[in-house]
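1. turn this into a model:
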Amino acid sequence: MNDSRSVRSKDKTDDRGDSREAVVEKSIEAHPAQSFGDDPLEVRDTDHYTEEYVGGFVDKWDDLIDWKKRYESEGSFFVDLLKSHGVQSVLDAAAGTGFHSVRLIEEGFDTVSVDGSAEMLAKAFENGRDYGGHILRTVHADWRWLSRDVEGKFDAVICLGNSFTHLFSERDRRKALAEFYSVLKHDGILIIDQRNYDAILDNGFSSKHTYYYCGDSVSAEPEYVDEGLARFRYSFPDKSQYHLNMYPLRKDYTRRLLREVGFQNVDTYGDFQESFADEEPDFLVHVAEKAYTQQEDRVTKYSSAVNTARDYYNSSDADNFYYVIWGGEDIHVGLYESDSEEIKAASRRTVEHMASKVKIDANTRVLDAGAGYGGAARYLAKTYGCHVTCLNLSEVENERNRQLSEEQGLSHLIEVTDGSFEDMPYQDNSFDLVWSQDSFLHSGDRARSLQEVDRVLQPGGQFIFTDPMAVDGAEKEALRPILDRLHLDSLGAPGWYESQLKRLGMREVTFEDHSPQLPAHYGRVLAELERREKEIAEHVSQAYIDRMKQGLRNWVNGGKAGNLAWGIFVARS
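-> Here you go, the predicted model:
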């Protein structure tokens with residue numbers, strides 16, 4: 001979305017629809033103490049934040065936060081998080097009026113308080129004395145020159161309160177993150193939060209007003225948002241109003257910057273919860289780890305979504321079920337010619353049809369991302385004589401893959417790697433073709449997975465994949481039975497994948513829609529499970545069978561209701 005517009009509130013029917021001219025006029029009248037010039041919507045400059053935090057606004061900031069209620073809503077989330085990483089020293093890089101600095105000092109952390117606003121730091125120092133008689137160690141510093149102005153190294157840097165969104169240029173954001181990185185110890189962590197701007201940009205503003213800004217009599221709402229500006233209005237009981245101009249950071253963009261600066265692992269929480277639907281939280285908290293892990297230790301750094309999938313596919317129940325019922329070698333969605341066709345035959349037809357859509361010969365270097373038991377890899381190696389690298393998160397499936405490849409005399413052409421496609425253990429430009437079947441749904445960061453595909457593909461390389469998806473615009477509640485069963489927050493969608501691929505610069509993006517095959521496949525698997533239930537019960541627990549039958553019914557019902565999509569994407573890097 002590149003258009004400029006005023007924000008529509010889901011909760012209210014007041015002036016969220018103000019025009020650009022009306023916003024400018026009201027802004028000038030509302031707070032003469034703040035200076036935004038003749039056109040506040042044109043103020044998109046990092047350095048302007050120092051002029052926004054004027055004395056009157058800073059004096060009222062604690063009314064907005066409400067320390068007591070913020071303490072209750074936040075609980076021990078940050079304290080527990082820091083302690084779980086063995087943190088002792090903390091740099092509070094956006095101290096504001098001192099809420100977190102005081103909290104951390106009282107919890108025993110060695111804390112230094114930094115802010116770019118002298119007004120905020122003065123208030124923080126005053127609050128430190130008032131709340132427990134603490135003398136804060138304060139440093140007036142700009143993040144872009146943090147290592148120059150702050151001495152020492154820290155176990156953690158925290159940048160909270162939506163503060164990072166004051167940086168308007170990518171150059172400033174990268175420099176600030178590099179400075180955070182530089183003042184951290186070798187195994188330090190950065191905790192950085194932001195508003196859920198994706199939800200605001202895509203769906204309009206709606207806030208539970210629960211976790212961050214807890215003052216009952218104060219409102220903090222956007223009066224204007226576009227892709228380059230979020231202008232928030234802060235209204236207080238005495239009728240005074242103040243504004244902040246901020247950059248609306250999208251979640252995946254922030255995560256990408258953190259990785260590109262050098263942080264090795266990034267986890268994201270929504271309103272302090274590890275699992276959340278994209279549009280639900282008001283605030284997002286990113287936890288970025290600096291510690292560098294060797295390849296053999298990467299498994300311990302999997303995202304929560306990947307770990308959930310790994311534990312599932314490593315279970316003996318899942319292994320026996322997929323190998324016996326789902327089709328043995330090919331454990332992916334099939335292309336059926338009849339309702340009664342064998343799962344194995346339909347699943348192999350998918351592999352054959354996908355192979356016909358890309359160019360492969362003996363010299364093609366292939367990566368199968370999410371290879372399962374390696375059926376597709378063996379087909380490609382046997383048919384074309386090419387070398388195939390299998391990347392898969394389940395060590396149990398990988399061992400079966402190696403055994404089958406050895407038995408079929410193909411182990412010299414097939415290499416199997418334990419790992420996640422969110423962090424592929426390969427060099428840039430390593431492959432001519434990346435192939436994936438029905439695996440990306442298990443990723444907790446699909447955008448990151450696609451970036452990794454793009455990275456390991458050589459220029460001009462081919463990318464072909466399938467994935468169980470939601471139809472574009474599907475209602476989240478309609479997908480809830482499937483999401484809950486798989487412990488997922490969302491599914492991809494054809495439009496989302498297309499936009500992400502094009503954003504990465506991929507060309508010739510096509511989608512061959514085979515959505516009816518999804519309920520057909522899950523229906524066949526369900527019928528086969530019910531037919532052979534007594535046989536499979538000798539190897540699979542009854543609890544697993546019961547859950548699987550319900551899960552399969554959810555897929556069938558969702559597909560027949562028109563909520564699900566499936567097909568074949570092809571693109572070129």
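2. when you work out contacts or count neighbours from here on, use the C-alpha atoms and nothing else.
-> OK.
3. so where's the protein uncertain?
-> 1-32, 206-216, 275, 277-278, 294-305, 327 (pLDDT under 70).
4. which residue is nearest the middle of it?
-> In the chain, the centroid-proximal residue (CA atoms, centre = their mean) is D445; its distance is 4.5 Å.
5. list the contacts of that residue.
-> E422 (CA atoms under 8 Å, 6 or more residues apart in numbering).
6. longest strand of this protein?
-> As assigned by DSSP state E, the longest strand anywhere in the chain is strand 184-195.
7. who's in contact with that strand?
-> By CA under 8 Å, 6+ apart, strand 184-195 touches 87, 153-165, 180-181, 249, 282-292.
8. try 7 Å this time
-> For strand 184-195, contacts defined as CA atoms under 7 Å, 6 or more residues apart in numbering pick out 153-162, 282-291.
9. any idea how many residues pack against the closest residue to G108 other than its chain neighbours?
-> Excluding the flanking residues, the one nearest G108 by CA to CA, 6 or more residues apart in numbering is Q88, at 7.9 Å. Using other CA atoms under 10 Å, Q88 has 15 neighbouring residues.
10. ok so F465 is a strand residue?
-> Yes - assessed with DSSP: H, G, I helix; E, B strand; the rest coil, F465 lies in a strand.
11. on the three-state scheme, the closest residue in space to it that isn't next to it in sequence is what?
-> Distances taken as CA to CA, 6+ apart place S436 nearest to F465, at 4.5 Å, with adjacent residues excluded. Look at S436: counting by three-state DSSP, its state is strand.
12. S436 touches Q462, doesn't it?
-> No - counting by CA atoms under 7 Å, S436 does not reach Q462; the two are 11.5 Å apart.
13. related to what we said a few turns ago, the residue nearest to G108 against V112, yeah?
-> No - contact criterion CA under 7 Å: Q88 and V112 do not qualify, at 11.6 Å.
14. D330 and G559: what is the separation?
-> 21 Å (CA to CA, to the nearest Å).
15. who has more neighbours, the two?
-> D330 (27 against 23).
16. report how many residues lie close to the closest residue to the more buried one other than its chain neighbours.
-> Spatial nearest neighbour of D330, chain neighbours left out: G375 (5.0 Å); criterion: CA to CA, 6+ apart. G375 is flanked by 21 other residues according to other CA under 10 Å.
17. from K344, how far off is G375?
-> Taking CA to CA, one finds G375 at 11 Å from K344.
18. what's the overlap in contacts for these two?
-> D330.
19. can you report phi and psi for the closest residue to D467 other than its chain neighbours?
-> The shortest distance from D467 to any non-neighbouring residue, by CA to CA, 6+ apart, is to D438 (4.1 Å). Taking degrees, to the nearest 10, you get phi 50, psi 40 for the backbone angles of D438.
20. got the contact list for the top helix by length along the chain?
-> Ranked by residue count under DSSP state H, the longest helix found in the chain is helix 542-560. Contacts to helix 542-560, defined as CA under 7 Å, 6+ apart, come from residues 317, 481-482, 485, 518-519, 522-523, 526, 564.
21. buried ones in it?
-> Within helix 542-560, the residues that count as buried by 16 or more other CA atoms under 10 Å are 545, 548-549, 551-559.
22. return it as PDB; C-alpha atoms alone will do.
-> Extracted in PDB, the C-alpha atoms of helix 542-560 (Å, rounded to 0.1, in the frame of the first residue of the first chain):
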ATOM      1  CA  GLN A 542      -5.100 -44.300  19.400                       C
ATOM      2  CA  ALA A 543      -4.800 -40.700  20.700                       C
ATOM      3  CA  TYR A 544      -2.700 -39.800  17.700                       C
ATOM      4  CA  ILE A 545      -5.200 -41.600  15.300                       C
ATOM      5  CA  ASP A 546      -8.100 -39.700  16.800                       C
ATOM      6  CA  ARG A 547      -6.400 -36.400  16.500                       C
ATOM      7  CA  MET A 548      -5.300 -37.100  13.000                       C
ATOM      8  CA  LYS A 549      -8.800 -38.000  11.900                       C
ATOM      9  CA  GLN A 550     -10.200 -34.800  13.200                       C
ATOM     10  CA  GLY A 551      -7.300 -32.800  11.700                       C
ATOM     11  CA  LEU A 552      -8.000 -34.400   8.300                       C
ATOM     12  CA  ARG A 553     -11.700 -33.600   8.500                       C
ATOM     13  CA  ASN A 554     -10.700 -30.000   9.200                       C
ATOM     14  CA  TRP A 555      -8.700 -29.800   6.000                       C
ATOM     15  CA  VAL A 556     -11.500 -31.500   4.000                       C
ATOM     16  CA  ASN A 557     -14.100 -29.200   5.400                       C
ATOM     17  CA  GLY A 558     -12.000 -26.100   4.900                       C
ATOM     18  CA  GLY A 559     -11.200 -27.000   1.300                       C
ATOM     19  CA  LYS A 560     -14.800 -27.800   0.400                       C
END
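23. any idea how far S235 is from the residue lying closest to F99 once chain neighbours are set aside?
-> Spatially, and ignoring its direct neighbours in sequence, F99 is nearest to W67 (6.8 Å; CA to CA, 6+ apart). Counting by CA to CA, the separation of W67 from S235 is 18 Å.
24. again, but for D80
-> 33 Å.
25. cool, and E528?
-> 62 Å.
26. out of the two, which sits in the busier spot?
-> S235 (19 against 16).
27. for the closest residue to that one other than its chain neighbours, grab phi and psi.
-> Closest residue to S235 apart from its sequence neighbours, by CA to CA, 6+ apart: Q241 at 4.6 Å. Dihedral pair for Q241: phi -140, psi 140, per degrees, to the nearest 10.
28. Q241 and S117, how far apart?
-> 19 Å.
29. any chance you could map the helices in the stretch 301-450 of the chain?
-> 304-314, 316-321, 343-356, 375-384, 395-407, 446-456 (DSSP state H, counting those that start in this stretch).
30. no wait, the stretch 101-250 of the chain
-> With DSSP H, counting those that start in this stretch as the criterion, the stretch 101-250 of the chain has helices spanning 118-130, 146-149, 170-183, 197-203.
31. list the buried residues of the first one.
-> I take that to be helix 118-130. 118-128.
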